[in-house]
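**Student:** With the sequence up front, the predicted model follows.
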Amino acid sequence: MSSNFGELVLILGDLHIPSRASSIPAPFKRMLVPNKMQHVICTGNISAADFDELRSLAPNVHIVSGNYDDAQTSGASFPETRVIQVGSFRIGLVHGHQLLPWGSQEAAAMMRRKLGVDILVTGHTHKNEISIRDETHMYINPGSITGAYSSITANVTPSFVLLAVQETKVVCYVYELVNEEVEVTKTEFEKKAPEPSSANSSLMQSLLT
């Protein structure tokens with residue numbers, strides 16, 4: 001699968017099991033097959049059992065601390081932020097409760113610049129959202145895979161994200177559970193080569209004349 005689609009990255013978070021949800025919905029559970037993905041990215045708020053399950057899905061598991069992690073996962077010492085490299089993309093990860101006001105595009109942009117990444121993944125709002133800004137950077141919120149309730153988002157729809165990374169291109173699939181049916185939407189993002197500076201352009205012009 002990876003040879004056809006590139007590196008596959010599963011993005012999920014805000015499980016809140018068992019405090020706000022009993023489990024990952026069965027239609028999603030059947031899709032989470034071990035060793036089909038190369039990476040798992042999790043925005044936090046997981047239990048110790050969730051942590052073990054995520055580690056069984058892929059060889060590379062990247063998790064940040066949430067604001068309601070299970071006390072039993074505290075020994076794992078999840079960092080507040082993480083940056084990983086997949087293909088030519090730097091992907092940053094933060095739970096999102098640190099970004100004020102919650103859901104603010106400006107706060108997310110500041111965090112992206114701070115981490116120096118091409119793609120920023122956040123959670124906390126329990127609402128999936130994909131946006132590409134200025135055709136140069138991508139922002140991903142996978143929502144809550146369990147559909148756990150939130151004081152921020154009414155009527156939470158269970159969702160998660162799968163990325164297919166092929167060198168300089170990302171295909172982003174959002175999976176939502178609507179009336180017990182899985183619906184999928186797709187967004188594509190391509191990393192553009194940086195434009196040469198004016199100094200480099202002048203030097204190139206002088207060499208060509």
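**Tutor:** Arrived safely, thanks for sending. Numbers count the residues shown, from 1 in each chain.
**Student:** Give me the residue ranges of this protein where confidence is low.
**Tutor:** 1-4, 71-76, 194-209 (pLDDT under 70).
**Student:** Mind jotting down where the helices sit in it?
**Tutor:** For the chain, the helices defined by DSSP state H occupy 2-5, 26-29, 48-55, 105-115, 198-208.
**Student:** Who are the packing partners of the third one?
**Tutor:** Spelled out, it's helix 48-55. strand 60-63 (3 or more C-beta pairs under 8 Å, 6 or more residues apart in numbering; DSSP states H and E). (Glycine included, C-beta is placed from N, CA and C.)
**Student:** So which residues make contact with the strand it packs on?
**Tutor:** 38-42, 44, 46, 51, 54-55, 76, 78, 82, 84, 93 (C-beta atoms under 8 Å, 6 or more residues apart in numbering).
**Student:** Which among those residues count as buried?
**Tutor:** With burial judged by 16 or more other C-beta atoms under 10 Å, the buried subset of the contacts of strand 60-63 is 38-42, 44, 46, 51, 54, 78, 82, 84, 93.
**Student:** Could you dump the residues you listed into TSV with distance to Pro18 added?
**Tutor:** What follows is the buried ones among the contacts of strand 60-63, written out as TSV (distance: C-beta to C-beta, whole Å):
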residue	distance to Pro18
Gln38	29
His39	26
Val40	21
Ile41	23
Cys42	17
Gly44	16
Ile46	11
Phe51	14
Leu54	16
Phe78	19
Arg82	26
Ile84	29
Leu93	24
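**Student:** Who are the contact partners of Gln98?
**Tutor:** Going by C-beta under 8 Å, 6+ apart, Gln98 touches Glu80, Met111.
**Student:** switch the cut-off to 10 Å
**Tutor:** Val64, Asn67, Glu80, Thr81, Ala107, Met111, Thr122, His124 (C-beta atoms under 10 Å, 6 or more residues apart in numbering).
**Student:** And it, how close does it get to Arg82?
**Tutor:** 13 Å (C-beta to C-beta, to the nearest Å).
**Student:** Name the residues contacting each of the two.
**Tutor:** By C-beta under 10 Å, 6+ apart, Gln98 and Arg82 have these common neighbours: Val64.
**Student:** I'd like to know how far the spatially most central residue of the chain sits from Asn179.
**Tutor:** Centroid-nearest residue in the chain, with C-alpha atoms, centre = their mean: Val121, separated by 4.0 Å. Val121 sits at a distance of 27 Å from Asn179 (criterion: C-beta to C-beta).
**Student:** next one: Ser65
**Tutor:** Going from Ser65 to Asn179 by C-beta to C-beta gives 33 Å.
**Student:** Compare those two (neighbour count), which wins?
**Tutor:** Shown here are Ser65 and Asn179; by other C-beta atoms under 10 Å, Ser65 has more neighbours (21 against 5).
**Student:** ok, the nearest residue to that one once chain neighbours are set aside - contacts?
**Tutor:** What sits nearest to Ser65 in space, not counting adjacent residues and going by C-beta to C-beta, 6 or more residues apart in numbering, is Phe78, at 4.1 Å. Going by C-beta under 10 Å, 6+ apart, Phe78 touches Cys42, Gly44, Ile46, Phe51, His62, Ile63, Val64, Ser65, Gly66, Asp69, His95.
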